[in-house]
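Novice: The amino acid sequence is not available; the structure is as follows:
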């Protein structure tokens with residue numbers, strides 16, 4: 001995977017494992033707390049500042065790697081990785097936390113591949129996904145605008 005900029009910065013993460021095997025990850029960022037609760041089967045729930053925003057989604061691998069703080073930008077944006085099954089192992093959505101404790105969540109996006117690169121500008125994030133001829137996946141490019149809080153497929 002080619003990386004154009006320093007991509008990820010892990011914020012302060014606290015892990016709590018309950019008796020039933022549920023793992024809770026709390027990511028403390030500049031504008032709030034993102035909580036990921038996952039069971040043994042990687043079925044998760046995600047909350048922002050104690051408000052449930054996604055009741056059930058799946059992740060591929062370690063829960064602590066499912067939430068990434070996007071670095072090199074002044075706003076509080078996180079990339080959430082989803083697992084939609086072996087035929088589509090990598091999909092994403094973006095959460096932006098605002099200073100007033102509100103948030104913006106994009107629709108799910110991606111082409112089932114891991115991203116190829118992420119580029120940052122003052123107001124935008126450009127996420128590029130490579131093609132994969134073996135899985136019939138075409139190249140895709142998405143742009144997230146901090147100013148408009150919109151996600152646009154540009155290629």
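Specialist: Alright, I've got the coordinates. Keep in mind the model is a prediction, meaning the values are calculated, not measured.

Novice: mind checking pLDDT for residue 83?
Specialist: Residue 83 is assigned a predicted lDDT (pLDDT) of 78.

Novice: Tell me who's in contact with the nearest residue to it once chain neighbours are set aside.
Specialist: Using CB to CB, 6 or more residues apart in numbering and skipping the chain neighbours, the partner closest in space to residue 83 is residue 60 (3.7 Å). To be clear about C-beta, it is placed using only N, CA and C from the backbone, and glycine gets the same treatment. By CB atoms under 8 Å, 6 or more residues apart in numbering, the residues touching residue 60 are 42, 81, 83, 89, 90.

Novice: in the sheet, who's paired with residue 32?
Specialist: Counting by DSSP bridges, residue 32 forms beta bridges with residue 29.

Novice: Now do the contacts for it.
Specialist: With CB under 8 Å, 6+ apart, residue 32 has these contacts: 48, 49, 76, 97, 101, 103.

Novice: returning to what we had before: any idea how far the residue nearest to residue 83 lies from residue 36?
Specialist: 14 Å (CB to CB, to the nearest Å).
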